[in-house]
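*Asks:* structure, please.
(2 chains)
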Protein chains: 2
Amino acid sequence: MAEKKISIAVIKRLPKYLRYLEELEKDGVKGVSSQQLSELTGFTASQIRQDFNNFGGFGQQGFGYNVKSLKSAIGDILGHDLVKNAVMIGAGNLGKTIAKYPGFMDSGLNIIGIFDRNPNNIGQEIDGIQIQDVKNVETFLENKKVNVGIISVNKESAQDIADIYVKHGLKGIWNFAPIDLEVPEGVYVENVSFTESFLVLSYFLKNSK
Amino acid sequence: MAEKKISIAVIKRLPKYLRYLEELEKDGVKGVSSQQLSELTGFTASQIRQDFNNFGGFGQQGFGYNVKSLKSAIGDILGHDLVKNAVMIGAGNLGKTIAKYPGFMDSGLNIIGIFDRNPNNIGQEIDGIQIQDVKNVETFLENKKVNVGIISVNKESAQDIADIYVKHGLKGIWNFAPIDLEVPEGVYVENVSFTESFLVLSYFLKNSK
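*Replies:* Numbering: from 1, shown residues only, chains lettered A, B, ... in the order given. Model prediction:
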């Protein structure tokens, strides 16, 4: 059976739904309507129902969606309980920030190796993981099951790092360097771009009264 | 005259167009079609034309769009040459990463004050800016023209920092803490969420062959 292709815009909204549903569940809320989700997320209720229809609709009843099962369904779609072993190259300020980021509950990220080329960083620990010499990363990738390669180096080195990850069969690259990486089909690159985010803020400042 | 309301989804795509147009201009390319922009950005050509129609269409001719004037028009819309004076609270790894981030060319971000409560950080410099005691931030905000407040503290302190920014009339908050801030109408919060980004990557890993 051919699978329906879900647009990337829909996928990018799912984590936000998940986050609000986690909060609602924590607050003991049992049911939520698309209208209430609209107020929380800022997306229109019709957009939300349309998004959910891509996955069968999640069965909204008179009282709305069941918070617990909606959360669990969206979490499953996002693969949040699938453990994703990750390697990170670049253990400077950015790398340290990522490794210590406190918001990863339930996202399945599991950093198992951190590498750097700076002798001052090698041997130090971040959250209990010892930083290794980047020279050892290929041997590490050969011997461990790794799904995600994190790139937290400068933009000059980012493509070289991506090439190493691709060579060792990693299917997911999480890129924090401000550059577009070239990767073969079948490898997904997720970029975190501070500049793109800042320009959205800039737009609102320019257009606010 | 009533202004047309542009959807946030459109605004969020503009920085990506801008980035590719900057690259095309650097490569000496004069004209680009919506089809070529589609190949670069991954958005469909019809989506791109629809986005541009929100701003009058930017006059695509037979040869496509003029790269230089399209870049300049989108940059204007995003306010990229409007200087945005920013204050940052939180000078740990994350704050250092933001202040040193090399991708801000042409975005108009101008960090003029950095604050922290950690005595080990106070007095140190990041890119030529001395880190001050956070106790002084309110006096600083009273005396300087600041447009943007950056939040690079932990999530427990983030709302308090937001309240200070709001109290001093800042209209833009750039939040890196994994928490939803409550702000009055007229204040725009742009969140950078590592978790949401990671979950999108997780989806593709789960759904790849």
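*Asks:* switch to C-alpha atoms for all contacts and neighbour counts from now on
*Replies:* Will do.
*Asks:* anything in the helix ranked longest in chain A sitting right up against chain B?
*Replies:* Ranked by residue count and defined by DSSP state H, the top helix of chain A is helix A:8-26. Yes. Part of helix A:8-26 sits near chain B under the criterion Cα under 8 Å from any Cα of the partner chain, namely A:I11, A:K12, A:P15, A:K16.
*Asks:* how about the closest residue to A:G123 other than its chain neighbours, phi and psi?
*Replies:* Nearest non-adjacent residue to A:G123, counting by Cα to Cα, 6 or more residues apart in numbering or on different chains: A:I131, 5.2 Å away. Here is the backbone geometry of A:I131 (degrees, to the nearest 10): phi -80, psi 130.
*Asks:* so who does A:G123 touch?
*Replies:* With contact set as Cα atoms under 8 Å, 6 or more residues apart in numbering or on different chains, A:G123 has these partners: A:Q130, A:I131, A:Q132.
*Asks:* tell me where chain A has helices.
*Replies:* Along chain A, the segments classed as helices by DSSP H run A:8-26, A:34-41, A:45-53, A:67-78, A:93-100, A:137-143, A:155-167, A:194-207.
*Asks:* can you lay out these as JSON lines showing distance to B:S208, mean pLDDT and mean neighbour count?
*Replies:* Listed next are these as JSON lines, based on distance: least, Cα to Cα, whole Å; pLDDT from 0 to 100; neighbours: other Cα atoms under 10 Å in any protein chain shown:
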{"stretch": "helix A:8-26", "distance to B:S208": "14", "mean pLDDT": "90", "mean neighbour count": "17"}
{"stretch": "helix A:34-41", "distance to B:S208": "28", "mean pLDDT": "90", "mean neighbour count": "16"}
{"stretch": "helix A:45-53", "distance to B:S208": "20", "mean pLDDT": "91", "mean neighbour count": "16"}
{"stretch": "helix A:67-78", "distance to B:S208": "12", "mean pLDDT": "93", "mean neighbour count": "19"}
{"stretch": "helix A:93-100", "distance to B:S208": "25", "mean pLDDT": "93", "mean neighbour count": "20"}
{"stretch": "helix A:137-143", "distance to B:S208": "20", "mean pLDDT": "98", "mean neighbour count": "14"}
{"stretch": "helix A:155-167", "distance to B:S208": "15", "mean pLDDT": "97", "mean neighbour count": "17"}
{"stretch": "helix A:194-207", "distance to B:S208": "27", "mean pLDDT": "93", "mean neighbour count": "21"}
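*Asks:* so in chain A, which strand runs the longest?
*Replies:* strand A:109-116 (DSSP state E).
*Asks:* how many neighbours does the residue nearest to A:G123 have?
*Replies:* Residues contacting A:I131 under the criterion other Cα atoms under 10 Å in any protein chain shown number 23.
*Asks:* quick check: it vs chain B, distance?
*Replies:* 16 Å (Cα to the nearest Cα, to the nearest Å).
*Asks:* and that residue, what does it touch?
*Replies:* Contacts of A:I131 by Cα under 8 Å, 6+ apart are A:A91, A:G113, A:I114, A:F115, A:D116, A:N121, A:I122, A:G123, A:Q124, A:E125.
*Asks:* check the closest residue to A:V192 other than its chain neighbours and give its pLDDT.
*Replies:* Distances taken as Cα to Cα, 6+ apart place A:F176 nearest to A:V192, at 5.1 Å, with adjacent residues excluded. A:F176 carries a pLDDT score of 96 in this model.
*Asks:* quick check: A:F176 vs B:D127, distance?
*Replies:* 20 Å (Cα to Cα, to the nearest Å).
*Asks:* more neighbours, these two?
*Replies:* Using other Cα under 10 Å as the criterion, A:F176 and B:D127 rank with A:F176 on top: 22 against 9.
*Asks:* quick check: domain ranges of chain A?
*Replies:* Per automatic domain parsing, the structural domains of chain A span A:8-78, A:84-195.
*Asks:* columns distance to B:V166 on top of those, output as CSV?
*Replies:* Output for the domains of chain A, formatted as CSV (distance: least, Cα to Cα, whole Å):
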stretch, distance to B:V166
domain A:8-78, 20
domain A:84-195, 22
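*Asks:* mind checking the ones you listed for the one nearest to B:R49?
*Replies:* domain A:8-78 (17.0 Å; Cα to Cα).
*Asks:* hang on, isn't A:Y203 packed against B:L78?
*Replies:* Yes. Using Cα atoms under 8 Å, A:Y203 is in contact with B:L78, at 4.3 Å.
*Asks:* buried ones in stretch A:172-187?
*Replies:* Residues A:G172, A:I173, A:W174, A:N175, A:F176, A:A177, A:P178, A:I179, A:L181, A:V183, A:V187 are the ones in stretch A:172-187 that count as buried (16 or more other Cα atoms under 10 Å in any protein chain shown).
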